[in-house]
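> need a structure here:
(chains A and B, ligands or ions: 2)
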Amino acid sequence: MVADPSVSRRDALRAAAIGGTALLLGVNLRSASIAAISGGASATFAPDAFIRITSDGRATLIMPQTEMGQGIYTALSMLIAEELDLPLDEVTLEEAPANDKLYGNPIFKVQATGGSTSVRGYWLPLRTVGASARAMLVSAAARRWRVDPSTCRTEAGEVIHDASGRRSSYGPLAAAAMRETPPSAPQLKRLEDFRLIGRSHRRLDTRPKTDGSLRYGIDAMPEGVRFASLACAPVLGGRVERVDDSQARALPGVRQIIVLNDIVAVVADTSWGAMRALAAIDIKWRDGEFGSLSTETLREALIEAGRADGNVAVDTGASSKLSGEGVISEFYDLPLLAHAPMEPMNCTVHVTAERCEVWVGTQVMTMTQRAAAEEAGLPPEKVVVHNHLIGGGFGRRLEVDGVRKAVRIARHVDGPVKVVWSREEDIARAPYRSLYGSWMRARLEDGRPVAWGHKVAGPTVVGRWLPPAFDGKVDNDAVDGAAETPYDLPASYVTWVRHEPKGIATAFWRGVGPNMNVFATESFVDRVAHEAGRSPLDLRRSMIGKHLRARAVLDMAAEKAGWNDPLPHRQGRGISLQFAFGTYLCTIAEVAVDEDGAVKVLRMTTAVDCGTPVNPDGIVSQIQGGIIFGLSAALHGRITISNGRTEQSNFHDYRVLRMNETPRIEVHVIRNAEPPGGIGEPGTVSVQAAVANAIYAATGVHLTRMPIDQSLLAKGARA
Amino acid sequence: MFEISINGNRRQAQVDGDTPLLWVLRDVLGLTGTKFGCGIAQCGACTVHVDGSPVRSCRLPVSAVGARSITTIEGIGASPIGAKVQKAWLDLEVIQCGYCQSGQIMSAVALLEGNSNPDDEAIDAAMSGNICRCGTYVRIREGIKRAANGG
Ligand code: FES
Ligand code: FES
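Numbering: from 1, shown residues only, chains lettered A, B, ... in the order given. Ligands and ions are numbered 1, 2, ... in the order given. This is a model prediction of the structure:
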């Protein structure tokens, strides 16, 4: 079961108050040293722990990563429960409070969920937590029974001493276990001894999602809450010039109209009342310097930036070989994209002189706390963030712009206020996945690339979002999927040009860096194959060299997709192969293109090797969903700008894939004993190139831009 | 003042008659299981049943409900088909973030109430108005078939 964080914490308090004893374990991830947090009732309240077992036998696992549909609550719980031999079906899960020290993502060092890092980062730390707790419970039982701890074993929440037939469940041992010294290096299970990891486990977060009882951030209902709707400046940096709210004021249920520098908000008795009144306000905006921005000027600026050489990410002696005769080149580019998660942006805030309470679903707990504190003019410890399960993140909720706006509004409201973005506001006034450009070059000899060049131009999101991770020269995310490919390239030259699009706020988007670079790399591999007169599959096989795991996913996808089976006229198959997020993945798309150029994606076949699978069915689910997310981008995804304003507003003009457009999707998971790789992003990353290459095979038209432009594909059209 | 029947209970709401049912459910009655996604009948997140038919509650003014009975996701498990669909959704792990799933389940139940054995075409027709950004369509299709075949 998933607890409402605020409620379960209150329950925990109550349990402690009535004398429940808790075993609390904290882990300092930086030194990976385990320390039991012992002491009186106050320690019980301390939320810096992953495991809490009360003397009545209740087990609570505290989740350091945010559940946004990716199944992380289940996977992380499996890691702890595996080593602790804890039955998973009765545990209560609780969202960790804001605390970077205890709950910082081991890869980012801050409390953030993204980049397919959760299982990769917590694979050893959470197993260690579980193993250490188990060892302490065993020691406590052994001491009580006066037996050697090594003669005890654990199973399904019990310590068992076979020789004497004694057994005790964990609850009654909790108090005594707290007095045990944690082992300095707890023994982890061998892979072959796993009982949970590697077997599909039912998800722990889904039941309350079937009956409407799960409360997302948008469902927070603090006592006395009012509802607000907001309009933000339609152009970045724009300001409110004039407001005529005489009509809105007269509408029923309107409580307050708040005019800030760049925001107009209405507070009312219902969200609808607020939205309706907002629509009745005549707002005149002053646009500022970006009032004439357009998609065309943005793209021209990107291309202009690409004239620079850029900073070198990889140079293995290719640069001198990438000009002159025998070199082929191509330019690939991608548009702006909105995230459009199904749960529109929202944030509920209650600000008083002494404190600020925030109810929101966020991928970044501590950043949310700090942002709210700054806007409320309070120290961070005076801000309580109630994090909720998220109705879709995809990178949008790695940003705290919405929290800031909601707190700014809430400062003017007496009592709690729930600010809900309309879908129009959510799509049109948001940070976007940036436009990106890739300039590809290759020198061919004997039908193989002997020199490979890839220049990437785009912004650094990392540099703003996690400054310590950016060295000022090359953004590793921006070249991820370009700097390292699944191929043995004899010589490569990969550079990055930093280009921050003016007038656009940029953000991470599902698939992050590899989503751009794998599109360019894998499209260009097919271009090379065409030039060399080789089959895309054979060329890839010849380029793979020592990357055996890449070869395995390629071969499996080819076999399962029936690569060699004949197809009718204007149908084709296309491959995309990648190594990113620690995971190898190959997708083969099968498409049909009609005479007018309309594309129908018929089938997507994916083979994936993400190392040791934790929850195999969860992996399949993430790939299925990731592919559909990628298909939305390939077939429809595009934000366009005119006069500084976004031209799309809702799902009718910012289209996403629907049931009737969804192809057959097959996912094949290759199991091995490698450390786990990430799984949230890889499926999405593989789609654009696979589909574009399939269209290339079907029509002979090599697409270099997304989304797919049907007009280029009509019979007889010229590319 | 409007009095409407929701999940078999009479509920009263003191709101403007133009207020869409969605916001009466969510903001006035505290039935937050029905979700807001687009407000313009494009996404299906707000789907409820009005006398058994699927309706986008974001576009249904509360004044137009009248004596018809409303079923929401909070009440759908009381019907045999509703319970079957919920079970199939869990058994097949259809759900990811879950935000769209109230609407998906309401649309799926309405489909199965009128067609006990829908084929792919019928599923497309009934379900393509419900967006899932997490991309659970493959399993929604399987879930409907599973529920149709006895659950
Ligand atoms: S909110 Fe009603 S259809 Fe989207
Ligand atoms: S499950 Fe997330 S939108 Fe459908």
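
> just to be sure, A:K418 is in a strand?
Yes. Assessed by DSSP: H, G, I helix; E, B strand; the rest coil, A:K418 belongs to a strand.

> what is the longest helix along chain A packed up against?
Across chain A, the longest stretch assigned as helix under DSSP state H is helix A:118-145. Helices and strands touching helix A:118-145, by 3 or more Cβ pairs under 8 Å, 6 or more residues apart in numbering or on different chains; DSSP states H and E, are strand A:22-28, strand A:33-36, strand A:51-54, helix A:72-84, strand A:152-155, strand A:158-161, strand A:166-169, helix A:174-178. (Glycine included, C-beta is placed from N, CA and C.)

> show me which residues of it are buried.
A:118-123, A:125-142, A:145 (16 or more other Cβ atoms under 10 Å in any protein chain shown).

> dead centre of the chain: give me the residue that sits there.
Picked chain A for this. Centroid-nearest residue in chain A, with Cα atoms, centre = their mean: A:G114, separated by 3.9 Å.

> my bad, chain B
The centroid of chain B falls nearest to B:M106 when counting by Cα atoms, centre = their mean (2.8 Å).

> quick one: residues contacting it.
Residues near B:M106 by Cβ atoms under 8 Å, 6 or more residues apart in numbering or on different chains: B:T47, B:V48, B:H49, B:P54, B:T71, B:T72, B:I73, B:I76.

> now residue 79: closest residue in space, sequence neighbours ignored.
Chain wasn't specified; assuming chain A. Of all residues beyond its chain neighbours, the one nearest A:L79 is A:L126 (4.1 Å), with distances taken as Cβ to Cβ, 6 or more residues apart in numbering or on different chains.

> the intended chain is chain B.
In space, and not counting its chain neighbours, B:S79 is closest to B:V109: 7.1 Å by Cβ to Cβ, 6+ apart.

> quick one: contacts for the one you found?
B:H49, B:I76, B:S79, B:I81, B:G82, B:V85.

> out of those, which touch ligand 2?
Restricting those to those within reach of ligand 2 (Cβ under 6 Å from any ligand atom) leaves nothing.

> now those as a markdown table including neighbour count?
Below are the contacts of B:V109 laid out as a markdown table (neighbours: other Cβ atoms under 10 Å in any protein chain shown):
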| residue | neighbour count |
| --- | --- |
| B:H49 | 25 |
| B:I76 | 26 |
| B:S79 | 15 |
| B:I81 | 18 |
| B:G82 | 25 |
| B:V85 | 29 |
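
> so which of these sit within helices?
Among the contacts of B:V109, DSSP H puts B:I81, B:G82, B:V85 in helices.

> got a list of what the first one touches?
Spelled out, that is B:I81. Applying Cβ under 8 Å, 6+ apart, we find B:I81 in contact with B:V109, B:L112, B:E113, B:A147.

> of those, buried ones?
B:V109, B:L112, B:A147.

> please parse chain B into its domains.
Using automatic domain parsing, the domains assigned to chain B come out as B:2-71, B:76-148.

> okay, how far is it across the shortest one, tip to tip?
Using Cα to Cα, to the nearest Å, the end-to-end distance of domain B:2-71 comes out at 17 Å.

> do the same with stretch B:30-50
Start-to-end, stretch B:30-50 (Cα to Cα) is 19 Å.

> my guess is A:A338 contacts A:Q648. True?
Yes. Using Cβ atoms under 8 Å, A:A338 is in contact with A:Q648, at 7.2 Å.

> quick one on the thing from earlier: contacting residues for the residue nearest to the centre of chain A?
A:Q363, A:G393, A:G395, A:L398, A:F508.

> ok, so what distance separates it from ligand 2?
According to Cβ to the nearest ligand atom, to the nearest Å, A:G114 stands 16 Å off from ligand 2.
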